[in-house]
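>>> heads up, no residue letters with this:
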């Protein structure tokens, strides 16, 4: 049953590729990165033992080109492929092709991916396994006109407000909230168009929009030795455009009873599809304690670090162990302290969260106790419109929730990124909102707090200070200082003798 | 010394003066530290450390957890304020044009849908007005900053 892994190919890029490559290094497993030409200078390429450039220009010709990736795996002698998240991570046909090539897939079986990856099939599977699902209807019609008619009919039975979701969807793509029947058809067309463009499948289903609910998800691990466990919950209610921005473990309003019930439902969901590896079962938790299955993600998730920090389990390391046929290494679990993650996006929060691009002229992350940074970028990198605008994840741990929140505030204040607009200030002000402080956030928190869009809360005195600093920097020619090493003074000011000495340490 | 900057709020003139090692503006003083950071003492006596980096013509300033983007306007340059044009916020593709030339629209109306970074973005009318020009059709690729359509109040 054991099939020792000696070399893992990471079929991904950016932050998650870095995370996996580091885990390989710590596990003593050789690693291979694959990269598109516009990623040649990216951090993840540096972290791999070997790196192979993909031919082609578009994402479809590079990170999504299954045949090319399989050829590189064979040529490099890789005995496993880790797909990360996004890209090919939930493509059953790729998992199948990897297995057929005699290479170990780090993840569940193609059958489990298929059953959970198609959100409509997943709803049906879960209903049959006795896991509660959100009231709604699957729309099987593929052809546009027939689908729109079926959606219109179903909308009367489901009721408003409702949510349209792409059956092949994820990451907020192909999803629309509809509050009024007059918006239904244009929203359905938009959701289908986005779904066809992103997934090649325009099928959507309808769910009742449960307002005031929390998004709570259970991390699970399953190995080939008959063990399926859950590692507690994460709360990820704070979302903008259906994308998570602020995640924490444990959920502030969780009770021992609900955790046990939700955990058992998640384990049942995993067992219903003979799950293997790391996975996440997402639920909506209503204010009355009722919960409903949303979907299962058959891969590692962006927000996995908060679970790692409160359980002490290295989830990516466990994925590698399980893929090698070994039993998972974690024993009895205990949740210790509190962890919060925020996603650093290159985006303009003050302008409807529009993606931003530019050069990371300065990138100085926070340091100190309880702070972890999972980054895909470093100072000097260029942020381009080619890929997802998530640059890094900032994660903190502290013994209690208020301390974790205070640590996050401190860390965000220390975080300096210049040259590209980021959401750092938005995240910082989020930490001061009473709903966040009290742990009473739900999936509509951001829309409710800033119905007309967010803009920074900045004092007149700080604005004047910024103008003074810019003028002072301009007049003194500070742009001549190198951006990659801000300690190096090229002009003006005294030169420290230590900069000119070749120091040797015994 | 006089400098002119363009920020999200418009054009600002900044007159700073020098006193010893310090630069002064509106009751605040600023000194350059040896490591390239800048130290500001505000009117109430509080001290803030700032970092500055120039990319192109834009000064990026970080101070007290806030980041500012201030475009320096060269002396003598004619800084034009934004007209009624609606520009592409990102490089991307036009997915759909929702209006036609001559059409009257109200503030908040969706005029065009763009796709960038795999997500759809709505181009929305900031004011009531009449569409006077549409410069792109569905399917066209657009560069950042190009004028997509014109709206006359």
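Cool, the structure landed. What you are looking at is a predicted structure, and each value in this text was computed from that prediction instead of being measured.
>>> burial count for residue B:19?
Each residue near residue B:19 was counted by other Cβ atoms under 10 Å in any protein chain shown, and the total is 8. For every residue, glycine as well, the C-beta is placed using N, CA and C.
>>> Pop out the phi and psi values for it.
Per-residue torsions, residue B:19: phi -140, psi 110 (degrees, to the nearest 10).
>>> can you tell me the average pLDDT over the helix or strand harbouring residue B:5?
In this structure, residue B:5 is located in strand B:2-7 according to DSSP states H and E. Summarised as a single mean, pLDDT over strand B:2-7 is 91.
>>> In terms of secondary structure, what does that strand contact?
Contacts of strand B:2-7 with other secondary structure elements, assessed using 3 or more Cβ pairs under 8 Å, 6 or more residues apart in numbering or on different chains; DSSP states H and E, are made with helix A:460-475, strand B:10-15, strand B:66-73.
>>> Check these for me and report the most buried one.
helix A:460-475 (a mean of 23; mean count of other Cβ atoms under 10 Å in any protein chain shown).
>>> Need the pLDDT of the residue located most distally from the centre of chain B.
If you look at how far each residue of chain B sits from its centre, by Cα atoms, centre = their mean, the farthest one is residue B:20, at 33.7 Å. Each residue has a pLDDT score; the one for residue B:20 is 94.
>>> Throw the helices and strands packed on strand B:2-7 into TSV and include mean pLDDT and distance to residue A:10, thanks.
Written out in TSV, the entries for those read as follows (pLDDT from 0 to 100; distance: least, Cβ to Cβ, whole Å):
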stretch	mean pLDDT	distance to residue A:10
helix A:460-475	95	41
strand B:10-15	92	47
strand B:66-73	95	32
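>>> For residue B:101, find the nearest of the ones you listed.
strand B:10-15 (29.7 Å; Cβ to Cβ).
>>> Provide the strand pairings for the closest one, with the direction of each partner.
Sheet partners assigned to strand B:10-15 using DSSP bridges are listed as strand B:2-7 (antiparallel).
>>> Could I get the buried residue list for the partner strand?
Neighbour-count burial for strand B:2-7, counted by 16 or more other Cβ atoms under 10 Å in any protein chain shown, picks out B:3, B:4, B:5, B:6, B:7.
>>> what sits up against that strand?
Contacts of strand B:2-7 with the rest of the structure, by Cβ atoms under 8 Å, 6 or more residues apart in numbering or on different chains, involve A:467, A:470-471, A:474-475, B:11-16, B:59, B:68-73, B:75, B:79.
>>> top strand in chain A by residue count?
If you go by DSSP state E, chain A has its longest strand at strand A:228-240.
>>> Helix, strand or coil: sort out the most centrally placed residue in chain A for me.
In chain A, the centroid-proximal residue (Cα atoms, centre = their mean) is residue A:302; its distance is 2.6 Å. On the three-state scheme (DSSP: H, G, I helix; E, B strand; the rest coil), residue A:302 is labelled coil.
>>> measure the residue nearest to residue A:14 when sequence neighbours are not counted to chain B for me?
In this structure, residue A:14 finds its nearest non-sequential neighbour in residue A:376, 3.5 Å apart by Cβ to Cβ, 6 or more residues apart in numbering or on different chains. The span separating residue A:376 from chain B equals 15 Å under the rule Cβ to the nearest Cβ, to the nearest Å.
>>> where does the stretch 101-250 of chain A come near chain B, residue by residue?
A:172, A:173, A:190, A:193, A:194, A:197, A:198, A:241 (Cβ under 8 Å from any Cβ of the partner chain).
>>> element containing the closest residue to residue A:63 other than its chain neighbours, please.
Distance criterion Cβ to Cβ, 6+ apart; nearest residue to residue A:63, sequence neighbours excluded, is residue A:87 at 5.0 Å. Applying DSSP H and E as the criterion places residue A:87 outside every helix and strand.
>>> Also residue A:265?
Residue A:265 is located in helix A:256-272, with elements delineated by DSSP H and E.
>>> Could you report the pLDDT at whichever residue of the stretch 1-150 of chain A sits closest to chain B?
When distances are taken as Cβ to the nearest Cβ, the stretch 1-150 of chain A approaches chain B most closely through residue A:59, which lies 8.8 Å from it. Reading off the confidence values, residue A:59 has pLDDT 93.
>>> any idea how far it lies from residue B:18?
Taking Cβ to Cβ, to the nearest Å as the measure, residue A:59 and residue B:18 are separated by 53 Å.
>>> When the two are compared, which one has more neighbours?
Neighbours of residue A:59 and residue B:18, each counted by other Cβ under 10 Å, are more numerous for residue A:59; the result is 15 against 11.
>>> how much space between that one and residue A:12?
Distance check for residue A:59 against residue A:12: by Cβ to Cβ, it reads 12 Å.
>>> overlap in contacts of the two?
Going by Cβ under 8 Å, 6+ apart, residues that sit against residue A:59 and also against residue A:12 are residue A:87.
>>> Adding secondary structure and neighbour count, write the residues of the stretch 101-250 of chain A next to chain B out as CSV.
As requested, those are exported to CSV (DSSP: H, G, I helix; E, B strand; the rest coil; neighbours: other Cβ atoms under 10 Å in any protein chain shown):
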residue, secondary structure, neighbour count
A:172, coil, 16
A:173, strand, 21
A:190, helix, 20
A:193, helix, 18
A:194, helix, 23
A:197, helix, 16
A:198, helix, 18
A:241, coil, 17
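>>> mind checking which helix or strand of chain A has the lowest mean pLDDT?
Counting by mean pLDDT, DSSP states H and E, chain A has its least confident helix or strand at helix A:497-500, which shows a mean of 42.
>>> before we move on, the earlier item: how close does the residue of the stretch 1-150 of chain A closest to chain B sit to residue A:354?
Distance check for residue A:59 against residue A:354: by Cβ to Cβ, it reads 21 Å.
>>> Next: residue A:225.
In terms of Cβ to Cβ, residue A:225 sits 48 Å off from residue A:354.
>>> ok, now residue B:20?
Separation of residue B:20 from residue A:354 (Cβ to Cβ) stands at 44 Å.
>>> What of residue A:399?
With distances taken as Cβ to Cβ, residue A:399 is found 38 Å from residue A:354.
>>> Among those two, which residue is more densely surrounded?
Set side by side, residue A:399 and residue A:354 show unequal neighbour counts under other Cβ under 10 Å, the larger going to residue A:354 at 18 against 11.
>>> Could you list the domains of chain B?
Domains of chain B are assigned by automatic domain parsing as B:2-73, B:85-152.
>>> can you pull the pLDDT of the residue lying closest to residue B:47 once chain neighbours are set aside?
Taking Cβ to Cβ, 6+ apart, and ignoring the residues beside it in sequence, residue B:47 has residue B:41 as its nearest neighbour in space, at 5.4 Å. At residue B:41 the predicted local distance difference test score is 97.
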